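Undergrad: Quick one: sequence and predicted model below, then my questions.
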Amino acid sequence: MLSAVRLWQPFDGVALLDDVGAVLDEVVPSEEEALEDHALRLRGHLMQLVAIAVAAEVGQEDTKAEQLIEHARRLRAEDMPGDHRQAVGHLRRMAWSVDLLHERLGAIKCIREAA
């Protein structure tokens, strides 16, 4: 239990929006950029949003939220493609999933920090 408490990170809507914006920017991330770092942060946001939704039992009351949760779980489980263009596409799909789930949880008042 203590280790779980130590690993817990508070929800940070600003960091979430910054990470989503960095990936969905009109400029394609270069090959030199650490795409794995982006993927790690986006997976973390997906995990946190899914955990919040599951704890609040949102999926039982809202079918759209349940669809977004399942989509987020599938994306989070996928490996990062080796090809740069495919990796950028995967990152963008994850970023859209983070953004949509974040907005949905805000719309149904599960979280306060929806922009």
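TA: On my side now, so go ahead. Numbers count the residues shown, from 1 in each chain.

Undergrad: What ranges does the protein have for its helices?
TA: Assigned by DSSP state H, the chain shows helices spanning 2-7, 13-24, 35-55, 58-61, 63-77, 84-107.

Undergrad: Tell me the buried residues in stretch 58-78?
TA: Across stretch 58-78, burial judged by 16 or more other C-beta atoms under 10 Å covers 58, 59, 62, 65, 68, 69, 71, 72, 75, 76. Where you see a C-beta, it was placed from the backbone N, CA and C, and this is true even at glycine.

Undergrad: what sits against the nearest residue to the first one once chain neighbours are set aside?
TA: Once its chain neighbours are removed from consideration, residue 58 has its nearest residue in residue 65; the separation is 4.6 Å (C-beta to C-beta, 6 or more residues apart in numbering). Taking C-beta atoms under 8 Å, 6 or more residues apart in numbering as the criterion, residue 65 is in contact with 53, 58, 59, 101, 104, 105, 108, 110.

Undergrad: cool, residue 39 as well?
TA: Residue 39 sits next to 80, 87, 90, 91, 94 when contact means C-beta under 8 Å, 6+ apart.

Undergrad: out of those, which is most surrounded?
TA: Using other C-beta atoms under 10 Å as the neighbour criterion, residue 94 leads the contacts of residue 39 with 25 neighbours.

Undergrad: ok, the nearest residue to that residue once chain neighbours are set aside to residue 103 distance?
TA: Leaving aside its sequence neighbours, residue 94 sits nearest to residue 42 (C-beta to C-beta, 6+ apart; 4.3 Å). Going from residue 42 to residue 103 by C-beta to C-beta, to the nearest Å gives 15 Å.
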